[in-house]
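Peer 1: here are the coordinates; sequence isn't available:
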């Protein structure tokens, strides 16, 4: 008992100094870590980086620095930091394996935020669905469909598939296929359709619209009708063109045939 008291009295001051130093290292290091994190966020903000990415990188940098400070404080107490790091590494590996899908979505979210294949308000087709982008989170992307249904798509599903961004470019081409009968005049049908295109102010003059023969089908001569419009006018111009073309062709006596088959019956005499 007396030996224990002597050992405590001899080492109390030494341990007290170590504890004070460890606390000082942690407090000062924490302050410095916060300052570095804030400086990083300000630098990213001034460079025009996405606010979500700024916040994310700021949090990550602060966490990494805080772990380094904590290890330095523990090391000052004489604890074997190498063994502690091995334990933390093993625990991190186990957590990573358990959260594999979540981490995949997280990594994909970071890539989406950095490279920006689409923005809020864009109409996209990705991850097996189509809709307008409402929000981009680190794990999922929120969209809504044309009939106002909410779609929540995992970021990994988006990044692992083709992404079609309909809103990325200012203009779009409308592709229509109009069929006319084999007995109808191609030139007359082309003139009627071109007149409709030229009369619509929403259709761009450059690039110019085109009406060409696409193919000689089984039941009709198919014409490609390809005008260009501003992207925001696409969904209003397309149905108007279909309606006007149908009305004008009917007025000119030009038919729009539907698939049909001729069936010939042969009488077979049985002996």
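Peer 2: Okay, I see it. These numbers come from a predicted model, not from an experiment. Numbering: from 1, shown residues only.
Peer 1: Count the neighbours of residue 114 for me.
Peer 2: Counted by other Cβ atoms under 10 Å, the residues lying close to residue 114 total 11. C-betas here are computed from N, CA, C, even on glycine.
Peer 1: Need the pLDDT of it.
Peer 2: Here the pLDDT value assigned to residue 114 is 78.
Peer 1: Where does residue 125 fall, secondary structure wise?
Peer 2: Here residue 125 sits within strand 123-126, counting by DSSP states H and E.
Peer 1: Could you pull up phi and psi at the residue nearest to residue 210 when sequence neighbours are not counted?
Peer 2: Closest residue in space to residue 210, ignoring its immediate chain neighbours: residue 226 at 4.9 Å, by Cβ to Cβ, 6 or more residues apart in numbering. Backbone torsions for residue 226, taken as degrees, to the nearest 10, come to phi -130, psi 80.
Peer 1: Now do residue 226 against residue 215, distance only.
Peer 2: 15 Å (Cβ to Cβ, to the nearest Å).
Peer 1: Neighbour count: the two, which is higher?
Peer 2: residue 226 (17 against 12).
Peer 1: Please name every helix or strand in contact with the helix or strand containing residue 31.
Peer 2: Using DSSP H and E, residue 31 sits in helix 2-46. Applying 3 or more Cβ pairs under 8 Å, 6 or more residues apart in numbering; DSSP states H and E, one finds that helix 2-46 contacts helix 51-76.
Peer 1: tell me the phi and psi of the nearest residue to residue 220 once chain neighbours are set aside?
Peer 2: Nearest non-adjacent residue to residue 220, counting by Cβ to Cβ, 6+ apart: residue 179, 3.3 Å away. Dihedral angles of residue 179 (phi, psi; degrees, to the nearest 10) stand at phi -100, psi 140.
Peer 1: May I ask you to confirm that residue 179 is in contact with residue 218?
Peer 2: No. Checked against Cβ atoms under 8 Å, the pair residue 179 and residue 218 is beyond contact range at 10.2 Å.
Peer 1: Looking at the two, which is more packed in?
Peer 2: residue 179 (19 against 9).
Peer 1: Right, I'll leave it there.
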